[in-house]
Each structure stands twice: as C-alpha cells, then as structure tokens.
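Student: no FASTA, just this:
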C-alpha cells in the first residue's frame, strides 16, 4: 500500500514538474503587423495581414513552444500615419515588427526603429532605402535593384527580345527602383531600349499612349516593372491594339491570374520572375493556398506568402536568439539581428538566408503563363 | 499621320468618358449649386453593381447596366435626402465638406463589401468588335462611348428645354427663391436632378470600366476630379460646356503624354486649364456673370 | 484703448494662454514620462497641421477665397527644408540642429512665399469655384513637377536635374524623384513646433486685427463696396494669400524635417482637402476653432484605432454628422434648446465680452 502510495505520489510529482516545465517553456511573442488595411494600397496590407494571421493561427494551434500574439495596425500607406501606428504598437507592448508592408512608410518607420532599437522584418517593402544604413531592418522579399538586374540578365541570356520597351510607374518607389537597375544592367549587356514611358498611380487607367509608343518603336519585348493592377490594363490595351510582344514582369505581376473577371487569355505568354506563384504544385504552397482560400475566400498573392513566411522566420530567429515573453522591444532587437544572420529558412518563397545588410538571398524563378497557369522554366 | 489619328481617337475616347461624368457634375452644380465630390464614387458603385450583375448573376449586359442605373439613382436620391438636404440653407463650404465625407464613406463601404482586391470588368457587348482601317484600330468601346456621349447630351438638352421638369430645373438654377414662389417644388426638383446625375454616373462607370477594366474602391476618384476639371473648363453649369470640356481635356491629356512627356501628363492638363481660365474666367461656354451693386 | 481693441486683445490672450498652457502641460507629461509614445509621436505633426489650418483660414476665412492647393505650399516647404538642411550639413558641416532647423524653416517660408506670389498673380483674378479649381490645378502641378525633380549635394554645391537623374556620381542625393526627399536627418522638435505655432498666431492675429486685416475682410464681405472705398482688392487678397503660403511652407519644413523621408504623394489634393476640413469644422475666420479642430481631427483617427478597419468608415460618418449638426438650423436650434442652461451661461459671458471677433 505504501509502495503504491509512493508510486502515485511520485507520478503526481513528475507530472506537476512536467506541467511546470511545459508552462515555463511556452513563449508568447508579441508581433506587430503594420500595413495599409484601408485606402488605395489596402490590397497589399490586407494580403500581408492575412498571411501573417494564417501563420500565427497555425503556430498557436500546433501548440509548440511558441505562441504568437499578433497586433495589427493600419498605416494607410502614409509615412506620417505609419509613425503613429508604430508608436501605437509599441505602446501596446509589441516586441518586434512584421512590416511594414509598403516601401516608403517602411523607410520612415524602420529609421525611427533604428533610433529606438526596434527589430523590423518587412515581408514586402523592397526598396533599398528600407534597409540601407540601418542594422535593425531585414527583408523577406528581394530588393528592387536585385530584381531589375536579374530581369535584364535573364532577358539577355535567353535572347527574349532585341528591342525593348519599358513602361513604369513614375510615382512608385518599387517601380522606379526596378526600372533604374534594369536600365543600368541593360546598358551593360547592350540590350537596346527603344521606348521608355511612364504613368503615375493617380492616372493609371489610360495606357493607350504608352502602348502605342512601344508598338510604334517596334519593340518586341515590353518590360513591366509594376504591380499587376496597372499591368492588366496594359495587357488589355495591347490586345485592343493587336500588339503582341513578349511581356516580361517582376514579382508584383503575380496575382494577375487571380483578378476576378480577368480574361486570362490576355496574359498568355507573359513571363515573370517571381519567388512565389499561387498555382505551384509544391506541397507547402498547396496547403497554404487551400487554407488561405478557406479563410479569406480569395487567392493569396505574393505579399501574403511573404508575410506567412515572415512569421515563421521571426519564430525561428526568436528561438535562436532565446527571446522570452517578458523581454522589451529594445532588449529583443540586438539578439534578433544576430540570430537573423545565422538562420536559414525554407519557406513558400524559396530557401532564404540573410547577411548583415538585411537583404535576403534567394533565387527567383522564371515563369511563363501558358493556358492560364504558370509554367516554370529552369 | 497614323500616329496622330490614333492619338486623336484615344483622346476622344478618354474625353467622352470625362464628358459623361462631367455632365453629371455640371447638372448637379447648375441646379443645386454644390460641388458633389461624391459623384466619382457613385461611378465606382455603378461599376461594381454592373460587375456583380455580369460576373455573379450572369445577367445580360443591358440588364446589368439598367440595374446599375437603378441602384445608383436610388443611392443618389438617398444621399441627397439624408446628407445634402438638411444643409440646403448652409454655406456652400459646409455642403462641400459633407460631400467629401460622403465620398470617404462610399469608398470605405465599397472596400468592406467588395474587398480590396481589384476586379477586372468583364468584356461586354461594348467590347464586341474592332474596326481596322489600315494600321488604325478603333475598338467598339471607343465608338460606343462617343456615341453614348452624343445621345446623352442631346437627350439632356431636349429634356431641360422641352419638358416641364426640365424647365423647372432651369428655373431653380436661375433663382431658387423665385422658383419656389412660382410654385415649383424645389426639393423635388433637386432630387430629380440627383437621380438623373447618378443614373448618368452609372452609365459612365460601365463605360469607364469597359475601356479601362480595373475596378477598385478608388476607381472613381481620379476620373471624378478630372471630370470636375472638365466641367469647369467648359463652364460649369453648361451642358454643352461639360461635353466640350470633357472631350478637350481627354484629347489634351493624350496629346500631352504622347508629344511632350508621359511623366508630365497631369501637369500639362492643369496648365492648359489655368491658361484657359485666365483668358476666359468662366470657362469656354460659361455665361459671364454680371455683378449687381 | 477702445472697446473693440480691448475685445480683440482679450480674445487673442485667451488663445495664447490656451496654447502656452497646452505646451507646458505636455512638456511636463514628457518630463514625467506619463505620455504615451503614440501621443508624443503626434505632437510635431499636430503643430504642423495647426499652422496649416490657421494659415488656410487666413485665406479662406478672412480673405474669402476657396483655395484647394494649400498642400502644394506645404510640399514646397517640406522639400526646401529637407534640401537646405542637407546642404547646410554638407557645405558647412553644421551640427547645431537648432540653427539648421531655423535656417531651413526660414528658407522654406521664403521659397513657398515666392511661389505663392507667382501663383497668386494669375489666380487671384478669378473668383469662387473657378479660383478653387485653379488652386487645385496648381497643387497638382507642383506635385507632378516635384515627382520628376532630382537634387543632390556635393562639396558645398547643390546640383539640380529635371525629368532624368543627371547628377554627378559623387553627390549625396537629397531629392530622388518619385522616391521623394530621402535620408532626411530628423531635427524637428516639439519646442520648435510650439514656437512656430506661436509665430503663426502672432502674425495671423495681428494681421487680421490691423488696418490691412480689416481691408482684407472688407474685400471678403463686399468686394465692390470695398473697391469703391479705395481698397485695392487684388493687393489685399494677395497679402493674405502670400502670408498663407509662407506659413504653409514653414509648416511643411517642420513636418518634413520630422520624418526621415517625404514623398510627393503625401501632398496631394486629398491632403489639401483634409486641411480644408479642419478649417470649415473649426469655423471660417475662427482661429481658435482651427487650432482645436486641427488637433482633434489629427488625433481622432488614432483614437478610432479600436474600430480597426471600420475606422475610416466611422471617421466619414462622424464628419458628415458633425457638418449636419452644426449647419442645419433646425437641428441646431433643437440642440441649443436641449442645452439651454449651458446656452444661457454662454450667452451671459458673451454679452459681457460682446460678440467675439469671429
């Protein structure tokens, strides 16, 4: 009887200890998502928010060591409001920031974060200014120059076109950034640019002039460093004018096939360099896309995938850095910076590593749209 | 020469869309004496309604368009009754701010209902054929837009000059107080004006999105501002003026982009506007206002 | 001292006392660390928006011209401030941030004033909605032009380039086209913002209570009568317009030098409209009203963050309701009757002071 009692007691104690250990080991990370969830850029902010929410939900449901508490604030894609959102999330106890979604606000917020010692991992703000001269900001996406140069190299090595036209958004940091590096690289590789026209976000409806300029210059390849929304208008205009060059896009082009009501035959033959496509047959991607559709009733764009990866990357780095629930944002910052340079992560958008600049190293893949789906090339 | 003609046609097409929107602006301004900044957003609502009809319920295009017109008409009357009518006696600035608030409201409601992801307006009967004249291509959307514009302008002119309601509108626009004394129901007349203006906005929305298919909650705002500019350009309050202003604005915008710089398109449009207003301070077809001492 | 002068003096003193009181209170909160980061971060933008609202009120409320391009002047100021500050640092290695800020703000005011003068000459010939649309047009033109402007500095010199980035390779880029003014060293302080608000108030209140100010208001109330009294309408409207532009430019420099970056799209037509909302809500010609509404409406969207994505929707509804409630005679009288004790109190004080200047 005594033996039994002792055994029971021992078991109970072990269990208690175990439970205590388990209790101790659960770390809650307070991660803030900042992005435009209202206004004209809401499309991108909502995508990153949804991606992040999905990842946080998965992690919390899996019940591992880490729990995610997501604090979401809206920045309206405005460099003034982003500072308000940033201060708000710090007031609310955020330890690190997944964001901000768009380049210009991110530049303003990460500069402030550099002074206050706040760690930033931006899913999608791709301009170099976001990470330049600051050690606290890292990116999940490519930087713009990287994409422009890679596009020019791909076009030259695959001999996709001899006369190139560029249409870009002159009021957008992302678009002008890629355009600048593309032009520089094209000159180096002696690609001939025969037409270069621009538009601005405010009047991105009418592209007849830009398309006609490319057509009249006899361009056989049109480079479109822009998001898919204006790009789909350009494809429409070109189709109406019976102009059929090779259209070459960048990662912002992904999503064009998911636009409700879009005639995908217009995008036939469009090529793009992108680390993520929603129609990929990769197991992880398929599972992500299925869950995303269930939760939000739409196809995820690359922004959502970047943010989804972002949450997992933060957890991985936090594990490496030994972040605990009680640490304040300024205590979290430096260990996270060190950890980011050590980890590597294989996510929806490819295998990634980081150096001290904060820029990501991963390989873009070239895809062609054939019969309404992406087909990858080597 | 071909390039020139091509640009001219593109300009006419863009200008015709501006013109139809400007007609709505100008009517409301002429009669209610207010700048209805929410007009651009009614266009957006109209386009979304038509989109739903075409995409989700597979309605015939004409029915979808009529449905958009009905919804927009009701919306216009509701907005006028709830937000603008209580401010009939207030300063024009107070009404302007209310209209701006209404514009924010519509955009955010649309964001909530239809989401932030853009929709692509389905090709409709409007995009059924393309004319090829040598190297020149004219899409059916262009032809139909220009045609619709002419028809609407003639109809509106006849309506305001021949029908009883139209005459009542002109009276109210001339002198609201006197019109009331003559037994005209001012509130009803203004409601009807809003109804017509909003129905026109629905048509403009369908035409706009047939030519430039991307549909977002902010789709209406820039065309709205441009059309407002066009209405002032032609002389605000004048129906032929709105038509002329809209078409000229479209042509200038396209030519400015084509022959000067695509980066300065808007600057050129607005610079021309300023020059015109300096020469003719009440717009191209505006009536000079004589001041009484 | 005449009764009218005394009345103005009291009204002005009340405004100054409130602004100084708010400043002292906030400084104490900052010192005691009882202020939230969120509020602290908004202090400088609030100062800038107050200056914008008061200066636009001078143009709309006192001289009676609807200007829809006020953000254009702010943009000119923000860019000038960023460029001058960057240049001073490069040319003279001027580390004294206070001095640099002061010079940058003055230069911004000067440039914005010159542009205001150039725009004012043609614009002020027009009236009413036509003037409104032309100021809107100028605002858009300014935005469009700065979008293709490139400025860099090297060896104490400034380099300019337009439409394409033709700058020597070794320059520090200050303005980078669509990317806006980049790598600004934030040097604005709340105290600087407060001083600038005080300067704005002194300039505006003195101007409107002076002989020139009365002439400006006379041109608003009855142009023809004013003209026949020998008041030069264009000259007085110009004084109000250019003063407004100078102040907006200074506000722009304060605002721009508070952030690490400024982009052209921050100063669009929508931003002008926002400032217009401040002015109309605060009351035309009511300086204190402009200060309160600029502060309140800047903080409001932040307070509404609890509503998450319904925030802007709520903001729009609040805006419409406030306009209806304050401008509909029937609703207002019902409202007043409901609060008749308060009203009586209010009236009592009013009759003591005699109706306020506004």
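Tutor: That came in fine, so what should we check first? Just so we're clear, the structure is a prediction, and the values are computed from it rather than from any experiment.
Student: can you list the buried residues in the least confident helix or strand in chain B by mean pLDDT?
Tutor: Every helix and strand in chain B was compared by mean pLDDT, DSSP states H and E; the lowest is strand B:130-133, with a mean of 72. When burial is assessed from 16 or more other Cβ atoms under 10 Å in any protein chain shown, strand B:130-133 yields the following buried residues: residue B:130. The C-beta positions use only the backbone N, C-alpha and C, and glycine is treated the same way.
Student: which SSE is immediately downstream of it?
Tutor: strand B:136-139 (DSSP states H and E).
Student: where do the helices of chain A begin and end?
Tutor: For chain A, the helices defined by DSSP state H cover A:2-25, A:42-62, A:81-91, A:103-116, A:144-157, A:173-188, A:208-216, A:228-240, A:283-296, A:302-321, A:329-340.
Student: tell me which strands the least confident helix or strand of chain B pairs with, and in which orientation.
Tutor: Strands that pair with strand B:130-133, judged by DSSP bridges, come out as strand B:136-139 (antiparallel).
Student: with distance to chain B and mean neighbour count added, can I get the helices of chain A in JSON lines?
Tutor: As requested, those are arranged in JSON lines below (distance: least, Cβ to the nearest Cβ, whole Å; neighbours: other Cβ atoms under 10 Å in any protein chain shown):
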{"stretch": "helix A:2-25", "distance to chain B": "39", "mean neighbour count": "9"}
{"stretch": "helix A:42-62", "distance to chain B": "4", "mean neighbour count": "23"}
{"stretch": "helix A:81-91", "distance to chain B": "15", "mean neighbour count": "25"}
{"stretch": "helix A:103-116", "distance to chain B": "16", "mean neighbour count": "24"}
{"stretch": "helix A:144-157", "distance to chain B": "19", "mean neighbour count": "21"}
{"stretch": "helix A:173-188", "distance to chain B": "11", "mean neighbour count": "22"}
{"stretch": "helix A:208-216", "distance to chain B": "4", "mean neighbour count": "24"}
{"stretch": "helix A:228-240", "distance to chain B": "5", "mean neighbour count": "23"}
{"stretch": "helix A:283-296", "distance to chain B": "9", "mean neighbour count": "15"}
{"stretch": "helix A:302-321", "distance to chain B": "11", "mean neighbour count": "26"}
{"stretch": "helix A:329-340", "distance to chain B": "29", "mean neighbour count": "19"}
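Student: mind putting the ones you listed in CSV, distance to residue C:206 included?
Tutor: Compiled in CSV, those are given as follows (distance: least, Cβ to Cβ, whole Å):
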stretch, distance to residue C:206
helix A:2-25, 67
helix A:42-62, 45
helix A:81-91, 34
helix A:103-116, 36
helix A:144-157, 50
helix A:173-188, 43
helix A:208-216, 51
helix A:228-240, 50
helix A:283-296, 57
helix A:302-321, 52
helix A:329-340, 46
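Student: flag the shaky bits of the chain, pLDDT-wise.
Tutor: No chain specified, so I'll use chain A. Within chain A, the ranges that satisfy pLDDT under 70 run A:1-24, A:202-204, A:377-378.
Student: that's the wrong chain, I wanted chain B
Tutor: In chain B, residues with pLDDT under 70: B:124-128, B:134-135, B:289-293.
Student: just the strands in it please.
Tutor: B:119-120, B:130-133, B:136-139, B:214-215 (DSSP state E).
Student: the strand or helix carrying residue C:111 near chain A at all?
Tutor: For residue C:111, the element it lies in under DSSP H and E is helix C:97-123. No: applying Cβ under 8 Å from any Cβ of the partner chain, one finds helix C:97-123 out of contact with chain A, separated by at least 14.0 Å.
Student: tell me what the helix or strand following that helix is packed against?
Tutor: Using DSSP H and E, the helix or strand that follows helix C:97-123 towards the C-terminus is helix C:128-146. With contacts defined as 3 or more Cβ pairs under 8 Å, 6 or more residues apart in numbering or on different chains; DSSP states H and E, the packing partners of helix C:128-146 are helix B:221-234, helix B:265-279, helix C:70-92, helix C:97-123, helix C:269-282.
Student: now with 10 Å, please.
Tutor: helix B:92-114, helix B:221-234, helix B:265-279, helix C:70-92, helix C:97-123, helix C:269-282 (3 or more Cβ pairs under 10 Å, 6 or more residues apart in numbering or on different chains; DSSP states H and E).
Student: for it, what is the distance to the chain centroid?
Tutor: With Cα atoms, centre = their mean, to the nearest Å as the basis, helix C:128-146 stands 17 Å off its chain's centre.
Student: residue closest to the middle of chain C?
Tutor: Note on chain C: the residue nearest the mean C-alpha position is residue C:52, at 0.5 Å, using Cα atoms, centre = their mean.
Student: that residue against residue C:72, yeah?
Tutor: No: counting by Cβ atoms under 10 Å, residue C:52 does not reach residue C:72; the two are 11.6 Å apart.
Student: now the common contact residues for those two.
Tutor: Here residue C:52 and residue C:72 have C:248, C:252, C:271-272 as joint contacts, going by Cβ atoms under 10 Å, 6 or more residues apart in numbering or on different chains.
Student: output those residues as TSV; include the columns neighbour count.
Tutor: TSV is the format used below for the shared contacts of residue C:52 and residue C:72 (neighbours: other Cβ atoms under 10 Å in any protein chain shown):
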residue	neighbour count
C:248	34
C:252	33
C:271	22
C:272	24
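Student: now for those residues, which pair is the farthest apart?
Tutor: C:252 and C:272 (12.5 Å; Cβ to Cβ).
Student: shared neighbours, these two?
Tutor: Common neighbours of residue C:252 and residue C:272 (criterion: Cβ under 10 Å, 6+ apart): C:52, C:71-74.
Student: farthest pair in those residues?
Tutor: Based on Cβ to Cβ, the longest span within these runs between C:52 and C:72 and measures 11.6 Å.
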